[in-house]
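> sequence first, then the predicted structure:
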Amino acid sequence: MAKELFGTDGIRGVAGAYPLDPVTVHAIGAALGKDAVRQDPQPEIVIGMDTRESGPWLASQVAGGLETQGVRSRFAGVITTPGLAYLTRTGPFVAGVMISASHNPYQDNGIKVFGHSGFKLPDEEEHQIEQEGFRLLTAGLDPRASALTADPALDGQYLENLLSTTSISFQGVRPVLDCGNGAAFRLAPDLFGHLGAEVHTICAEPNGRNINQGCGALHLEPLQRAVRDRGADFGVAFDGDADRAIFVARSGKLVDGDAVLLMAARDLKSAGRLAGNLVVATVMSNLGLEKALEREGIRLLRTPVGDKYVLEEMVRTGAVLGGEQSGHVIFRQHATTGDGLLTALRVFEIAVKSGKGLDELTADLEIYPQRLKNVRVSRRKPLDELPEVVRQIKDCEAEFAGAGRVLVRFSGTEPLARVMVEGPNLEQVERFTSRIAGAIERELS
């Protein structure tokens, strides 16, 4: 079963171009509507979006497609992806649709679909929906949009849920919040303001085109400057749809998803709530995390890249904590997807309870040198059919002799091959990253 539209995180591309042109989006909405009617004779689907200028018309086309199948939609307006997942799981909704391209630039957008469980749809169901969409496209469609009016009560429900997960006051805590001009621009300041924090917010003035632009979880320099300049306790940066969070310690040191997993695992274990003394992460998590967890008597399980796959493994093993180095962290007691706001809550709680800063809480996490290089490719081909690439990988593994790792994979959302090399020696890491990436360029670009 090969999906053509859905990648590891929904459908993604340039807004207005296939597969995010009006006709195709309308067809996907209609196909999703057919799927919903099979589950419930009177289904309702909730739709949300981030702050991109293309969000409203894409949401309207999805709603128009749903309407052709007799499916009612409710519009949450601008909301985070985990907020949309929460509403889908707790409301009267057969499914939820999030219009977002996460960390991508504003020109891109995407469609993520959640089932009533709050989980992203299984691969098989995504395949069925896109095949029905192709059938509808062949039959001919009139892509009529539906008018949508945002229901302000919906994101309020999500905010109340977040507040209910903590009993700790943040009175006197001084964080800086970088909202990435994205979906968290209202929710994040409201959340921490309600809890008493002295919040300073940056990059919270979205204009439809500045989402992720030099700010947020992928561009941390503005947050580092703001934390240092204000003498803040710490800072947190969200990506465009706020399903991930990256932190900055008082010193300006970056604290990524691996460090968050270590802090959270220790905290949960000390409270007797780390089921099976187990944490789930992806193949991208640093060897340093694995070794630090081992010292605490905690086992690390690895999955392919994508919080969808982390969650599947968490469900399979009963793990309560999992996530990605990139800042997607799943606290399964409270959420079914990575949630940047929830992650920030937990990290701030750990710091307040311990009386320590993020520098101290992560001081013993030794990060092995790691390099990631993206290679733009014009086509994809199984790696074992690329002899020069295979040779370079084998040479690298032989030189590391078990003390490092090599990972080469294709992106699920962009035309890229991703090369990751990690080991104890920076010169080795950089040399083999360059060699493997060069071999891919020669064979596939």
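It's in.
> roughly how far does the residue of the chain positioned farthest from its centre sit from A27?
Here the chain reaches farthest from its C-alpha mean at A139, the gap being 35.1 Å by CA atoms, centre = their mean. A139 sits 9 Å away from A27, going by CB to CB, to the nearest Å. C-beta here means a position set from N, CA and C on the backbone, and glycine is covered the same way.
> what's the answer for D307, then?
In terms of CB to CB, D307 sits 27 Å off from A27.
> and if you look at L287?
45 Å.
> likewise G13?
Counting by CB to CB, the gap from G13 to A27 is 15 Å.
> between these two, which one's more packed in?
A27 (27 against 22; other CB atoms under 10 Å).
> what about stretch 4-24, start to end distance?
One end of stretch 4-24 to the other measures 13 Å (CA to CA, to the nearest Å).
> who touches it?
25, 28, 52, 54, 57-58, 61, 98, 101-102, 104, 107-113, 120, 123, 126-127, 129-130, 133-134, 137, 141, 143, 145, 304-306, 308-309, 411-414 (CB atoms under 8 Å, 6 or more residues apart in numbering).
> ditto for stretch 185-201
Contacts of stretch 185-201 (CB under 8 Å, 6+ apart): 51, 78-80, 83, 155, 158-159, 162-163, 166, 168-179, 203-206, 226, 230, 232, 238, 242, 341, 344-345, 348.
> domain map for the protein?
11-152, 155-253, 255-361, 370-444 (automatic domain parsing).
> quick revisit: from the contacts of stretch 4-24, list the buried ones, please.
25, 28, 52, 54, 57-58, 61, 98, 101-102, 104, 108-113, 120, 126-127, 129-130, 133-134, 137, 141, 143, 145, 304-306, 308-309, 411-413 (16 or more other CB atoms under 10 Å).
> so after the helix or strand where T201 lies, what's the next helix or strand?
Counting by DSSP states H and E, the element that carries T201 is strand 200-202. Toward the C-terminal end, the helix or strand that comes next after strand 200-202 (DSSP H and E) is helix 221-230.
> what does that next one contact?
With CB under 8 Å, 6+ apart as the criterion, helix 221-230 contacts 174, 176, 178, 200, 202-203, 214-215, 232, 234-237, 248-250, 252, 254.
> mean confidence score for that helix?
Average pLDDT, helix 221-230: 97.
> what's in contact with the next helix or strand after that helix?
The first helix or strand that comes after helix 221-230 along the chain, using DSSP H and E, is strand 234-238. For strand 234-238, the external contacting residues (CB under 8 Å, 6+ apart) are 175-180, 182-184, 188, 215-217, 219-220, 223-224, 226-227, 244-250, 255, 340-341, 344, 347-348, 351, 357-358.
> tell me which residues touch R250, please.
V227, G231, A232, D233, F234, G357, L358, D359.
> among those, which one lies nearest to G297?
L358 (23.0 Å; CB to CB).
> rewinding a little: what are the pairing partners of the strand holding T201, and which direction each?
Using DSSP bridges, strand 200-202 pairs in its sheet with strand 175-178 (parallel).
> rounded mean pLDDT for the following helix or strand past the partner strand, please.
Following strand 175-178 in sequence order, the next helix or strand is helix 187-194 (DSSP H and E). Mean pLDDT, helix 187-194: 97.
> what is the orientation angle of helix 187-194 with strand 234-238?
150 degrees (axes from the mean of the first three to the mean of the last three CA atoms, to 10 degrees).
> picking that back up, buried ones among the contacts of helix 221-230?
Buried among those by 16+ other CB under 10 Å: 174, 176, 178, 200, 202-203, 215, 232, 234-237, 248-250, 254.
> mind checking how far V236 is from G196?
16 Å.
> swap that for R273, please
25 Å.
> next: V283.
Distance from V283 to G196, by CB to CB: 39 Å.
> also P175?
Taking CB to CB, one finds P175 at 11 Å from G196.
> between these two, which one's more packed in?
Each of P175 and G196 has its neighbours counted (other CB under 10 Å); P175 has more, 25 against 13.
> next one, pLDDT for that one please.
For P175, pLDDT reads 98.
> kindly report the same for M1.
For M1, pLDDT reads 56.
> which ones among the buried ones among the contacts of stretch 4-24 map onto strands?
If you go by DSSP state E, those have M98, D108, N109, G110, I111, K112, V113 in strands.
> which one of the residues you listed is nearest G423?
The closest of those, once distances to G423 are taken by CB to CB, is D108, at 33.2 Å.
> who touches the nearest residue to that closest one once chain neighbours are set aside in this structure?
Distance criterion CB to CB, 6 or more residues apart in numbering; nearest residue to D108, sequence neighbours excluded, is A101 at 4.0 Å. By CB under 8 Å, 6+ apart, the contact set of A101 is R12, D50, R52, D108, N109, G110, G240.
> 10 Å instead, please
Each residue near A101 by CB atoms under 10 Å, 6 or more residues apart in numbering is listed here: 9-15, 20, 50, 52, 54-55, 107-112, 211-212, 240-241, 413.
> which residues in the stretch 51-200 of the chain form helices?
For the stretch 51-200 of the chain, applying DSSP state H, counting those that start in this stretch gives helices covering 55-68, 81-90, 123-139, 152-164, 187-194.
> G438 is nearest to which of the ones you listed?
helix 123-139 (32.8 Å).
> now do the closest one: distance to the chain's middle.
25 Å (CA atoms, centre = their mean, to the nearest Å).
> return the most buried member of the helices of the stretch 51-200 of the chain.
helix 81-90 (a mean of 26; mean count of other CB atoms under 10 Å).
> that helix - contacts with which helices or strands?
Packing contacts for helix 81-90, counted by 3 or more CB pairs under 10 Å, 6 or more residues apart in numbering; DSSP states H and E, involve strand 44-49, strand 72-78, strand 95-99, strand 108-115, helix 152-164, helix 340-354.
> mind checking the pLDDT average for the fifth one?
This points to helix 152-164. 95.
> repeat that for the second one.
Looking at strand 72-78 alone, the average pLDDT works out to 98.
> try the longest one
For helix 340-354, the per-residue pLDDT values average out at 97.
> surely L32 touches V113?
Yes - with contact defined as CB atoms under 10 Å, L32 counts as touching V113 (6.5 Å).
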